[in-house]
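K.L.:
What follows is a predicted structure for the sequence shown.
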Amino acid sequence: MNTSDLLTYCMSKPGAEQSFKECWQATQIKSEGVLFAMLYEVKGRPALSLKATPALAELLREEHNDVFPSEHLNKSHWSTLWLDGSLKDSQIYYLVDASWQQADATRAAGVNHDEH
């Protein structure tokens, strides 16, 4: 997965805004202020953190060695995956869509709980 293509895909989502979180050296993508994707390096490898339901996050971690709990975010909802790992591009795009939908549901519910 090419990080440039992935960033373009994330930015095509309605309401998408890009910012840089200096202390994490991470590019954050939010939809109308709600985080749904974060691109950064973990141990020198390109990585992407995405939000999912706790059940989906657990399933992904069980089925894929390249998916693990996010270091900086709520571990029950947020998973990080290697972009240079075994996940197919189509799977990554599906997970981006699911994360954007989670952010949309959070926003619709009026919940405001940004990352720490």
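P.N.:
In hand now; what should we look at?
K.L.:
any weak-confidence spans in the protein?
P.N.:
The model of the chain has pLDDT under 70 over residues 111-116.
K.L.:
middle-most residue in it, spatially?
P.N.:
L50 (2.1 Å; C-alpha atoms, centre = their mean).
K.L.:
Which of the three states applies to it?
P.N.:
Secondary structure for L50, judged by DSSP: H, G, I helix; E, B strand; the rest coil, is strand.
K.L.:
who touches the nearest residue to it once chain neighbours are set aside in this structure?
P.N.:
Spatial nearest neighbour of L50, excluding adjacent residues (C-beta to C-beta, 6 or more residues apart in numbering): S99 at 3.9 Å. In this view, the C-beta of every residue, glycine as well, is placed from N, C-alpha and C. Neighbouring residues of S99 by C-beta atoms under 8 Å, 6 or more residues apart in numbering: 36-37, 50-52.
K.L.:
next one: W78
P.N.:
So W78 contacts 49-52, 57, 69-70 (C-beta under 8 Å, 6+ apart).
K.L.:
Give me the nearest residue to it, chain neighbours excluded.
P.N.:
The nearest residue in space to W78 (C-beta to C-beta, 6+ apart) is S70, at 3.9 Å.
K.L.:
Quick one: neighbours of the one you found, just the number.
P.N.:
Counted with other C-beta atoms under 10 Å, the neighbours of S70 add up to 21.
K.L.:
N2 too?
P.N.:
11.
K.L.:
Using CSV, write out the CA atom coordinates for the lengthiest helix in the chain.
P.N.:
Counting residues, the longest helix found in the chain (DSSP state H) is helix 89-108. Extracted in CSV, the C-alpha atoms of helix 89-108 (Å, rounded to 0.1, in the frame of the first residue of the first chain):
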residue,chain,number,x,y,z
ASP,A,89,-5.2,-2.9,-0.6
SER,A,90,-8.9,-3.7,-0.9
GLN,A,91,-9.0,-4.8,2.8
ILE,A,92,-7.3,-1.6,3.9
TYR,A,93,-9.7,0.6,1.9
TYR,A,94,-12.6,-1.3,3.4
LEU,A,95,-11.3,-0.7,6.9
VAL,A,96,-10.8,3.1,6.1
ASP,A,97,-14.4,3.2,5.0
ALA,A,98,-15.5,1.4,8.3
SER,A,99,-13.4,3.8,10.3
TRP,A,100,-14.9,6.8,8.6
GLN,A,101,-18.4,5.4,9.3
GLN,A,102,-17.5,5.0,13.0
ALA,A,103,-16.4,8.7,13.1
ASP,A,104,-19.6,9.7,11.4
ALA,A,105,-21.7,7.7,14.0
THR,A,106,-19.7,9.3,16.8
ARG,A,107,-20.3,12.8,15.3
ALA,A,108,-24.0,12.0,14.8
